[in-house]
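# Just the structure for this:
(one chain, ligands or ions: 1)
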Amino acid sequence: MTDPSAVLSRPPTPKPRPRVVIAGLGDTGMLIALRLTGVADVVGISTRPALVSGQELGTRLVDPSRWERTYVVPHRRFRRLDRVATIHGRITASDLDANTVTVEHADGAITVEPYDVLVVATGASNGFWRHDRVEGVDEVEAVTSDAAVRLASAPTVAVIGGGATGVSVADNLARHKLARAAGSSVHLFHSGDQPLPGYHPRARSWIVDRLTADGVTLHPGHRAVTPDGFRGDRMTTEPIEWSTGQPPFTADLVLWAVGGGRPHSAFLPADVLDEQGFVRVDAHLQVPGHPNVFAIGDVAASDPHRSSARNWGWRIVVRNVRAQLGHGRAKRFEAPEYRWGSVLGVQDDGMILVQPNGKRTRVPKWIAERLLVGAFVDRVLYRGLRPTT
Ligand SMILES: Cc1cc2nc3c(=O)[nH]c(=O)nc-3n(C[C@H](O)[C@H](O)[C@H](O)COP(=O)(O)OP(=O)(O)OC[C@H]3O[C@@H](n4cnc5c(N)ncnc54)[C@H](O)[C@@H]3O)c2cc1C
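Numbers count the residues shown, from 1 in each chain. Here you go, the predicted structure:
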(Lines give C-alpha, C1' and ligand atoms only; values in the text may rest on other atoms or scores of the structure.)
Protein backbone atom coordinates (compact mmCIF):
# COMPACT_ATOMS: atom_id res chain seq x y z
CA MET A 1 0.00 0.00 0.00
CA THR A 2 1.28 3.51 -0.87
CA ASP A 3 2.30 5.70 2.05
CA PRO A 4 -0.08 8.78 1.76
CA SER A 5 2.57 11.18 3.15
CA ALA A 6 4.95 10.16 0.33
CA VAL A 7 2.28 11.10 -2.26
CA LEU A 8 1.69 14.46 -0.58
CA SER A 9 5.37 15.38 -0.49
CA ARG A 10 6.07 14.55 -4.17
CA PRO A 11 7.05 17.74 -6.01
CA PRO A 12 4.50 18.79 -8.65
CA THR A 13 5.44 17.94 -12.25
CA PRO A 14 6.66 21.20 -13.83
CA LYS A 15 4.21 22.54 -16.43
CA PRO A 16 5.86 22.60 -19.88
CA ARG A 17 6.61 26.13 -21.00
CA PRO A 18 4.55 27.31 -23.95
CA ARG A 19 6.38 27.49 -27.30
CA VAL A 20 6.22 30.73 -29.28
CA VAL A 21 7.42 30.67 -32.88
CA ILE A 22 8.42 33.99 -34.44
CA ALA A 23 8.27 33.84 -38.23
CA GLY A 24 10.85 36.40 -39.45
CA LEU A 25 13.52 38.09 -37.32
CA GLY A 26 13.48 41.49 -39.00
CA ASP A 27 12.78 44.85 -37.38
CA THR A 28 9.65 43.73 -35.54
CA GLY A 29 10.18 39.98 -35.08
CA MET A 30 13.54 40.59 -33.39
CA LEU A 31 12.13 43.10 -30.89
CA ILE A 32 9.33 40.68 -30.01
CA ALA A 33 11.54 37.56 -29.73
CA LEU A 34 13.89 39.32 -27.29
CA ARG A 35 10.98 40.14 -24.98
CA LEU A 36 9.10 36.85 -24.68
CA THR A 37 11.79 34.54 -23.32
CA GLY A 38 10.59 35.19 -19.75
CA VAL A 39 7.23 33.50 -20.37
CA ALA A 40 7.89 31.01 -23.16
CA ASP A 41 10.39 28.95 -25.10
CA VAL A 42 10.94 31.15 -28.13
CA VAL A 43 11.95 29.91 -31.57
CA GLY A 44 12.92 32.55 -34.16
CA ILE A 45 12.98 31.53 -37.82
CA SER A 46 14.54 33.82 -40.39
CA THR A 47 15.90 33.74 -43.91
CA ARG A 48 18.96 35.72 -42.79
CA PRO A 49 21.37 35.09 -39.93
CA ALA A 50 21.40 38.84 -39.21
CA LEU A 51 19.00 41.66 -38.56
CA VAL A 52 18.92 43.79 -41.70
CA SER A 53 17.09 46.81 -40.47
CA GLY A 54 15.21 49.73 -41.89
CA GLN A 55 13.51 51.09 -44.92
CA GLU A 56 15.80 54.02 -45.69
CA LEU A 57 17.41 52.84 -48.87
CA GLY A 58 19.09 56.14 -49.77
CA THR A 59 21.81 56.20 -47.14
CA ARG A 60 22.36 52.47 -47.74
CA LEU A 61 23.14 53.04 -51.42
CA VAL A 62 25.39 56.08 -51.11
CA ASP A 63 27.48 54.84 -48.21
CA PRO A 64 27.08 51.04 -47.88
CA SER A 65 29.86 50.48 -45.37
CA ARG A 66 28.50 53.06 -42.96
CA TRP A 67 25.02 51.59 -43.41
CA GLU A 68 26.27 48.05 -42.75
CA ARG A 69 28.01 49.10 -39.53
CA THR A 70 24.71 50.38 -38.15
CA TYR A 71 21.94 48.41 -39.78
CA VAL A 72 23.28 44.89 -40.40
CA VAL A 73 23.57 43.16 -37.04
CA PRO A 74 24.52 39.45 -37.03
CA HIS A 75 22.37 37.38 -34.68
CA ARG A 76 25.41 36.38 -32.59
CA ARG A 77 25.73 39.99 -31.41
CA PHE A 78 22.34 39.99 -29.64
CA ARG A 79 22.98 38.91 -26.05
CA ARG A 80 19.29 38.18 -25.39
CA LEU A 81 19.06 36.02 -28.48
CA ASP A 82 21.13 33.41 -26.62
CA ARG A 83 17.83 32.50 -24.94
CA VAL A 84 16.04 32.09 -28.27
CA ALA A 85 16.39 29.02 -30.50
CA THR A 86 17.12 30.49 -33.93
CA ILE A 87 16.69 28.70 -37.23
CA HIS A 88 18.28 30.07 -40.41
CA GLY A 89 15.74 29.07 -43.01
CA ARG A 90 12.46 29.80 -44.70
CA ILE A 91 8.96 28.86 -43.64
CA THR A 92 7.32 27.19 -46.60
CA ALA A 93 3.98 25.99 -45.19
CA SER A 94 1.75 26.22 -42.16
CA ASP A 95 -1.14 24.31 -40.63
CA LEU A 96 -3.03 26.71 -38.41
CA ASP A 97 -5.36 23.94 -37.14
CA ALA A 98 -2.51 21.63 -36.15
CA ASN A 99 -0.42 24.62 -34.92
CA THR A 100 2.69 23.86 -36.97
CA VAL A 101 4.92 25.54 -39.54
CA THR A 102 7.22 23.75 -41.99
CA VAL A 103 10.73 25.14 -42.33
CA GLU A 104 13.31 24.59 -45.06
CA HIS A 105 16.64 25.19 -43.33
CA ALA A 106 19.57 26.93 -45.04
CA ASP A 107 21.39 23.56 -45.15
CA GLY A 108 18.45 21.91 -46.93
CA ALA A 109 16.97 20.06 -43.92
CA ILE A 110 13.20 20.26 -43.47
CA THR A 111 11.52 20.34 -40.07
CA VAL A 112 8.00 20.81 -38.77
CA GLU A 113 7.91 23.25 -35.85
CA PRO A 114 4.98 23.10 -33.43
CA TYR A 115 3.83 26.23 -31.65
CA ASP A 116 1.41 27.38 -28.98
CA VAL A 117 1.59 30.93 -30.33
CA LEU A 118 2.74 32.01 -33.80
CA VAL A 119 3.87 35.57 -34.56
CA VAL A 120 4.05 36.32 -38.29
CA ALA A 121 6.63 39.07 -38.91
CA THR A 122 7.94 38.13 -42.34
CA GLY A 123 7.69 41.59 -43.94
CA ALA A 124 7.20 42.37 -47.62
CA SER A 125 9.40 42.69 -50.71
CA ASN A 126 9.56 46.12 -52.25
CA GLY A 127 12.60 45.93 -54.51
CA PHE A 128 15.96 44.18 -54.94
CA TRP A 129 16.94 45.13 -51.38
CA ARG A 130 14.06 43.32 -49.65
CA HIS A 131 13.05 39.75 -50.41
CA ASP A 132 12.38 36.39 -48.74
CA ARG A 133 15.21 34.33 -50.19
CA VAL A 134 17.53 32.51 -47.83
CA GLU A 135 20.87 34.31 -47.75
CA GLY A 136 23.94 35.00 -45.62
CA VAL A 137 25.40 38.31 -44.41
CA ASP A 138 27.98 38.30 -47.23
CA GLU A 139 25.21 38.22 -49.83
CA VAL A 140 23.35 41.12 -48.19
CA GLU A 141 26.53 43.18 -48.27
CA ALA A 142 27.46 42.16 -51.82
CA VAL A 143 24.06 43.13 -53.26
CA THR A 144 24.19 46.53 -51.56
CA SER A 145 27.78 47.30 -52.62
CA ASP A 146 27.15 46.21 -56.20
CA ALA A 147 24.06 48.43 -56.47
CA ALA A 148 25.96 51.35 -54.91
CA VAL A 149 28.82 51.04 -57.42
CA ARG A 150 26.44 50.86 -60.37
CA LEU A 151 24.47 53.88 -59.19
CA ALA A 152 27.60 55.93 -58.48
CA SER A 153 28.96 55.34 -61.98
CA ALA A 154 25.73 55.96 -63.91
CA PRO A 155 25.59 59.61 -65.10
CA THR A 156 21.77 59.70 -65.38
CA VAL A 157 19.70 57.82 -62.84
CA ALA A 158 15.91 57.53 -62.88
CA VAL A 159 14.10 56.55 -59.71
CA ILE A 160 10.54 55.35 -60.21
CA GLY A 161 8.19 55.77 -57.28
CA GLY A 162 7.45 58.69 -54.97
CA GLY A 163 7.08 56.81 -51.69
CA ALA A 164 9.54 57.12 -48.82
CA THR A 165 11.96 54.68 -50.45
CA GLY A 166 12.08 56.40 -53.85
CA VAL A 167 12.38 59.83 -52.26
CA SER A 168 15.16 58.69 -49.96
CA VAL A 169 17.17 57.19 -52.83
CA ALA A 170 16.68 60.15 -55.17
CA ASP A 171 17.62 62.76 -52.58
CA ASN A 172 20.65 60.98 -51.15
CA LEU A 173 21.89 60.08 -54.61
CA ALA A 174 21.45 63.62 -55.95
CA ARG A 175 23.39 65.22 -53.13
CA HIS A 176 26.09 62.61 -53.36
CA LYS A 177 26.40 62.55 -57.15
CA LEU A 178 26.03 66.25 -57.81
CA ALA A 179 28.71 66.97 -55.23
CA ARG A 180 31.12 64.66 -57.06
CA ALA A 181 30.51 64.54 -60.80
CA ALA A 182 29.54 67.35 -63.16
CA GLY A 183 26.94 66.26 -65.72
CA SER A 184 25.22 63.81 -63.38
CA SER A 185 21.48 63.96 -62.98
CA VAL A 186 18.88 62.25 -60.83
CA HIS A 187 15.24 62.12 -61.89
CA LEU A 188 12.34 61.12 -59.65
CA PHE A 189 9.17 59.99 -61.42
CA HIS A 190 5.98 59.65 -59.41
CA SER A 191 2.33 59.28 -60.32
CA GLY A 192 0.71 61.90 -58.05
CA ASP A 193 1.12 65.70 -57.87
CA GLN A 194 3.59 65.43 -54.99
CA PRO A 195 5.73 62.58 -53.61
CA LEU A 196 5.11 60.89 -50.24
CA PRO A 197 1.49 59.73 -50.50
CA GLY A 198 0.06 58.97 -47.08
CA TYR A 199 2.11 61.71 -45.39
CA HIS A 200 0.61 64.96 -44.11
CA PRO A 201 0.14 67.62 -46.86
CA ARG A 202 2.70 69.87 -45.09
CA ALA A 203 5.29 67.08 -45.24
CA ARG A 204 4.55 66.53 -48.93
CA SER A 205 5.09 70.20 -49.78
CA TRP A 206 8.31 70.26 -47.77
CA ILE A 207 9.74 67.27 -49.62
CA VAL A 208 9.12 68.91 -53.02
CA ASP A 209 11.19 71.93 -51.92
CA ARG A 210 13.85 69.75 -50.36
CA LEU A 211 14.28 67.48 -53.39
CA THR A 212 14.40 70.44 -55.75
CA ALA A 213 16.98 72.25 -53.61
CA ASP A 214 19.10 69.10 -53.49
CA GLY A 215 19.15 68.86 -57.30
CA VAL A 216 16.57 66.15 -58.02
CA THR A 217 14.53 66.72 -61.20
CA LEU A 218 10.92 65.93 -60.32
CA HIS A 219 8.48 64.43 -62.80
CA PRO A 220 4.97 64.34 -61.28
CA GLY A 221 2.06 62.62 -63.02
CA HIS A 222 4.18 59.79 -64.47
CA ARG A 223 3.02 56.21 -64.05
CA ALA A 224 5.52 53.73 -65.46
CA VAL A 225 4.50 50.70 -67.45
CA THR A 226 5.93 47.59 -65.83
CA PRO A 227 6.45 44.64 -68.16
CA ASP A 228 4.38 41.56 -67.27
CA GLY A 229 5.73 39.74 -64.26
CA PHE A 230 8.38 42.43 -63.53
CA ARG A 231 8.25 43.37 -59.84
CA GLY A 232 10.92 46.06 -59.84
CA ASP A 233 13.33 43.65 -58.18
CA ARG A 234 16.34 44.65 -60.30
CA MET A 235 17.68 47.85 -61.81
CA THR A 236 17.12 48.25 -65.56
CA THR A 237 18.62 50.21 -68.48
CA GLU A 238 15.82 50.08 -71.09
CA PRO A 239 13.78 53.22 -71.88
CA ILE A 240 10.85 53.67 -69.48
CA GLU A 241 7.38 53.87 -71.00
CA TRP A 242 4.49 55.70 -69.33
CA SER A 243 0.85 54.69 -69.13
CA THR A 244 0.15 58.39 -68.50
CA GLY A 245 1.05 59.32 -72.08
CA GLN A 246 4.46 61.04 -71.83
CA PRO A 247 7.28 60.13 -74.26
CA PRO A 248 9.63 57.34 -73.11
CA PHE A 249 12.56 58.37 -70.89
CA THR A 250 16.05 56.91 -71.15
CA ALA A 251 18.44 56.81 -68.21
CA ASP A 252 21.74 55.01 -67.73
CA LEU A 253 20.20 53.19 -64.78
CA VAL A 254 16.63 52.89 -63.51
CA LEU A 255 15.85 52.03 -59.90
CA TRP A 256 12.33 50.82 -59.25
CA ALA A 257 10.75 51.72 -55.93
CA VAL A 258 7.16 51.32 -56.97
CA GLY A 259 5.92 50.30 -53.55
CA GLY A 260 2.87 48.15 -53.23
CA GLY A 261 5.05 45.48 -51.73
CA ARG A 262 4.72 41.74 -52.15
CA PRO A 263 3.87 40.31 -48.72
CA HIS A 264 5.90 37.30 -47.58
CA SER A 265 2.80 35.33 -46.70
CA ALA A 266 2.68 32.46 -49.23
CA PHE A 267 3.14 29.92 -46.42
CA LEU A 268 -0.21 30.90 -44.85
CA PRO A 269 -3.68 29.69 -45.90
CA ALA A 270 -5.56 32.06 -48.23
CA ASP A 271 -8.45 32.55 -45.78
CA VAL A 272 -6.27 34.58 -43.38
CA LEU A 273 -5.04 36.90 -46.16
CA ASP A 274 -6.65 39.94 -47.78
CA GLU A 275 -6.98 40.38 -51.57
CA GLN A 276 -3.36 41.54 -51.87
CA GLY A 277 -1.99 38.75 -49.69
CA PHE A 278 -1.41 40.74 -46.49
CA VAL A 279 -2.36 39.03 -43.23
CA ARG A 280 -5.72 40.11 -41.82
CA VAL A 281 -5.54 41.19 -38.19
CA ASP A 282 -7.95 42.68 -35.68
CA ALA A 283 -7.28 45.58 -33.31
CA HIS A 284 -5.20 43.28 -31.10
CA LEU A 285 -3.05 42.30 -34.11
CA GLN A 286 -4.53 38.82 -33.81
CA VAL A 287 -5.59 36.85 -36.87
CA PRO A 288 -9.41 36.50 -36.82
CA GLY A 289 -10.43 32.90 -36.10
CA HIS A 290 -6.93 32.03 -34.82
CA PRO A 291 -6.42 33.71 -31.43
CA ASN A 292 -2.98 32.15 -31.04
CA VAL A 293 -1.69 33.68 -34.30
CA PHE A 294 -0.52 37.31 -34.47
CA ALA A 295 0.83 39.36 -37.38
CA ILE A 296 2.88 42.53 -37.27
CA GLY A 297 4.92 44.87 -39.47
CA ASP A 298 4.88 45.19 -43.25
CA VAL A 299 3.09 41.85 -43.75
CA ALA A 300 0.12 42.77 -41.51
CA ALA A 301 -3.01 44.52 -42.80
CA SER A 302 -3.27 46.46 -39.53
CA ASP A 303 -4.27 49.88 -40.93
CA PRO A 304 -4.40 51.58 -44.35
CA HIS A 305 -0.63 52.27 -44.28
CA ARG A 306 0.29 48.90 -42.73
CA SER A 307 2.30 50.90 -40.26
CA SER A 308 2.39 48.66 -37.19
CA ALA A 309 6.23 48.38 -37.40
CA ARG A 310 6.96 52.02 -36.79
CA ASN A 311 3.91 52.66 -34.61
CA TRP A 312 5.07 50.44 -31.78
CA GLY A 313 2.90 47.48 -32.82
CA TRP A 314 5.65 45.18 -31.52
CA ARG A 315 4.92 46.37 -27.98
CA ILE A 316 1.25 45.50 -28.48
CA VAL A 317 2.14 42.03 -29.77
CA VAL A 318 4.51 41.36 -26.84
CA ARG A 319 1.77 42.39 -24.43
CA ASN A 320 -0.98 40.47 -26.21
CA VAL A 321 1.05 37.26 -26.59
CA ARG A 322 1.73 37.44 -22.86
CA ALA A 323 -2.01 37.96 -22.27
CA GLN A 324 -2.77 34.97 -24.50
CA LEU A 325 -0.44 32.93 -22.28
CA GLY A 326 -2.21 34.11 -19.14
CA HIS A 327 -0.02 37.07 -18.13
CA GLY A 328 -1.79 40.45 -17.94
CA ARG A 329 -4.38 42.08 -20.17
CA ALA A 330 -4.46 42.61 -23.92
CA LYS A 331 -4.20 46.06 -25.53
CA ARG A 332 -5.44 47.51 -28.81
CA PHE A 333 -3.23 48.82 -31.62
CA GLU A 334 -3.91 52.32 -32.93
CA ALA A 335 -2.23 54.04 -35.86
CA PRO A 336 -2.14 57.75 -36.69
CA GLU A 337 -3.91 58.97 -39.83
CA TYR A 338 -0.69 60.02 -41.57
CA ARG A 339 2.64 58.28 -42.01
CA TRP A 340 5.62 59.58 -40.07
CA GLY A 341 9.29 58.91 -39.47
CA SER A 342 12.66 59.70 -40.96
CA VAL A 343 12.54 59.82 -44.76
CA LEU A 344 16.07 60.85 -45.71
CA GLY A 345 18.08 59.16 -42.95
CA VAL A 346 20.97 60.66 -41.02
CA GLN A 347 22.65 63.48 -42.97
CA ASP A 348 25.59 65.76 -42.15
CA ASP A 349 23.09 68.31 -40.79
CA GLY A 350 21.21 65.75 -38.68
CA MET A 351 18.10 63.63 -39.11
CA ILE A 352 14.71 65.11 -39.90
CA LEU A 353 11.75 63.32 -38.37
CA VAL A 354 8.44 64.05 -40.06
CA GLN A 355 5.55 63.95 -37.60
CA PRO A 356 2.01 62.66 -38.28
CA ASN A 357 0.81 66.31 -38.13
CA GLY A 358 3.30 67.34 -40.82
CA LYS A 359 5.68 69.14 -38.46
CA ARG A 360 9.35 68.33 -38.67
CA THR A 361 11.92 67.84 -35.94
CA ARG A 362 15.62 67.98 -36.69
CA VAL A 363 17.67 65.67 -34.49
CA PRO A 364 21.34 66.78 -34.44
CA LYS A 365 23.68 64.29 -36.13
CA TRP A 366 25.55 63.33 -32.96
CA ILE A 367 22.33 62.57 -31.12
CA ALA A 368 20.86 60.64 -34.09
CA GLU A 369 24.03 58.56 -34.37
CA ARG A 370 24.11 57.88 -30.66
CA LEU A 371 20.47 56.82 -30.84
CA LEU A 372 21.13 54.50 -33.75
CA VAL A 373 24.41 52.97 -32.68
CA GLY A 374 24.57 53.89 -29.05
CA ALA A 375 22.86 53.32 -25.77
CA PHE A 376 19.22 53.52 -26.83
CA VAL A 377 19.27 50.96 -29.63
CA ASP A 378 21.96 48.72 -28.13
CA ARG A 379 20.74 48.56 -24.57
CA VAL A 380 17.09 49.61 -24.56
CA LEU A 381 15.71 48.41 -27.89
CA TYR A 382 17.89 45.32 -28.37
CA ARG A 383 18.54 44.63 -24.68
CA GLY A 384 22.33 44.45 -25.11
CA LEU A 385 24.58 43.95 -28.13
CA ARG A 386 28.02 42.34 -28.13
CA PRO A 387 30.74 44.51 -29.70
CA THR A 388 31.55 43.95 -33.38
CA THR A 389 34.37 41.43 -33.78
C1 LIG B 1 11.26 51.07 -33.94
C2 LIG B 1 11.04 51.25 -35.43
C3 LIG B 1 11.21 52.51 -36.04
C4 LIG B 1 11.01 52.69 -37.40
N5 LIG B 1 11.21 53.92 -37.96
C6 LIG B 1 11.10 54.09 -39.30
C7 LIG B 1 11.39 55.34 -39.92
O8 LIG B 1 11.75 56.30 -39.25
N9 LIG B 1 11.26 55.47 -41.26
C10 LIG B 1 10.88 54.41 -42.02
O11 LIG B 1 10.80 54.56 -43.23
N12 LIG B 1 10.58 53.22 -41.47
C13 LIG B 1 10.68 53.03 -40.13
N14 LIG B 1 10.41 51.82 -39.55
C15 LIG B 1 9.73 50.81 -40.37
C16 LIG B 1 10.51 49.94 -41.15
O17 LIG B 1 11.73 50.16 -41.53
C18 LIG B 1 9.75 48.80 -41.80
O19 LIG B 1 8.38 49.03 -41.76
C20 LIG B 1 10.16 47.57 -41.02
O21 LIG B 1 11.48 47.26 -41.34
C22 LIG B 1 9.27 46.38 -41.27
O23 LIG B 1 9.63 45.39 -40.36
P24 LIG B 1 9.12 43.91 -40.51
O25 LIG B 1 9.57 43.19 -39.29
O26 LIG B 1 7.69 43.88 -40.87
O27 LIG B 1 9.87 43.34 -41.82
P28 LIG B 1 11.45 43.09 -42.11
O29 LIG B 1 12.30 43.97 -41.26
O30 LIG B 1 11.57 43.18 -43.58
O31 LIG B 1 11.65 41.61 -41.60
C32 LIG B 1 11.09 40.47 -42.18
C33 LIG B 1 12.04 39.31 -41.96
O34 LIG B 1 11.38 38.10 -42.25
C35 LIG B 1 12.22 37.28 -43.07
N36 LIG B 1 11.35 36.38 -43.83
C37 LIG B 1 10.61 36.67 -44.92
N38 LIG B 1 9.91 35.59 -45.33
C39 LIG B 1 10.23 34.60 -44.48
C40 LIG B 1 9.84 33.22 -44.39
N41 LIG B 1 8.99 32.66 -45.25
N42 LIG B 1 10.38 32.48 -43.40
C43 LIG B 1 11.26 33.03 -42.50
N44 LIG B 1 11.66 34.32 -42.55
C45 LIG B 1 11.15 35.09 -43.53
C46 LIG B 1 12.97 38.31 -43.92
O47 LIG B 1 14.14 37.81 -44.46
C48 LIG B 1 13.26 39.38 -42.88
O49 LIG B 1 14.42 39.10 -42.16
C50 LIG B 1 10.61 51.59 -38.20
C51 LIG B 1 10.44 50.33 -37.60
C52 LIG B 1 10.65 50.14 -36.24
C53 LIG B 1 10.48 48.76 -35.62
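
# Tell me which residue of the stretch 1-150 of the chain lies closest to the ligand.
Nearest residue of the stretch 1-150 of the chain to the ligand: residue 26, at 1.7 Å (Cβ to the nearest ligand atom). The C-beta positions use only the backbone N, C-alpha and C, and glycine is treated the same way.

# For residue 249, which non-adjacent residue is closest in space?
Spatial nearest neighbour of residue 249, chain neighbours left out: residue 240 (5.0 Å); criterion: Cβ to Cβ, 6 or more residues apart in numbering.

# what's the residue of the stretch 1-150 of the chain closest to the ligand sitting at in phi/psi?
phi -90, psi -150 (degrees, to the nearest 10).

# unless I'm mixing things up, it is touching residue 53, no?
Yes. Residue 26 is in contact with residue 53 according to Cβ atoms under 8 Å; the separation is 7.4 Å.

# re earlier: what about the residue of the stretch 1-150 of the chain closest to the ligand, distance to residue 338?
Per Cβ to Cβ, to the nearest Å, residue 26 is found 24 Å from residue 338.

# Phi, psi for the residue in the stretch 201-350 of the chain that the ligand sits nearest to please.
Proximity of the stretch 201-350 of the chain to the ligand (Cβ to the nearest ligand atom) peaks at residue 297, 2.1 Å away. The phi/psi pair for residue 297 (degrees, to the nearest 10) reads phi 80, psi -160.

# Need the nearest residue in space to residue 105, chain neighbours excluded.
Leaving aside its sequence neighbours, residue 105 sits nearest to residue 89 (Cβ to Cβ, 6+ apart; 3.9 Å).

# That neighbour should be in a strand, yeah?
Yes. Residue 89: assigned to a strand according to DSSP: H, G, I helix; E, B strand; the rest coil.

# Can you give me every residue that contacts the residue of the stretch 201-350 of the chain closest to the ligand?
By Cβ atoms under 8 Å, 6 or more residues apart in numbering, residue 297 lies in contact with 24, 26, 27, 28, 29, 121, 123, 308, 309, 313, 314.

# And those residues, which is closest to residue 346?
residue 27 (16.9 Å; Cβ to Cβ).

# picking that back up, OK, contacts around the residue of the stretch 1-150 of the chain closest to the ligand?
The contact partners of residue 26, by Cβ under 8 Å, 6+ apart, come to 46, 51, 52, 53, 121, 122, 123, 297.

# Quick check: the closest residue to the fifth one other than its chain neighbours vs residue 18, distance?
In this case it means residue 121. Distances taken as Cβ to Cβ, 6+ apart put residue 29 closest to residue 121, at 3.4 Å, once the chain neighbours are dropped. Computed as Cβ to Cβ, the residue 29 to residue 18 distance reads 18 Å.

# Looking at those two, which has the bigger crowd around it?
Ranked by neighbour count (other Cβ atoms under 10 Å), residue 29 and residue 18 place residue 29 first, with 26 against 18.

# That one looks like it's in a helix, true?
Yes. With three-state DSSP as the criterion, residue 29 is assigned to a helix.

# what's near enough to touch it?
Contact analysis of residue 29 by Cβ under 8 Å, 6+ apart lists 22, 23, 44, 46, 119, 121, 122, 296, 297.

# let's see 7 Å
Residue 29 sits next to 22, 44, 119, 121 when contact means Cβ atoms under 7 Å, 6 or more residues apart in numbering.

# and it, how far is that from residue 313?
The gap separating residue 29 from residue 313 is 12 Å, by Cβ to Cβ.

# Now render the contacts of residue 29 as a markdown table, adding distance to residue 110 and pLDDT.
Putting the contacts of residue 29 into a markdown table (distance: Cβ to Cβ, whole Å; pLDDT from 0 to 100) gives the following:
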| residue | distance to residue 110 | pLDDT |
| --- | --- | --- |
| 22 | 19 | 98 |
| 44 | 18 | 98 |
| 119 | 21 | 98 |
| 121 | 22 | 98 |
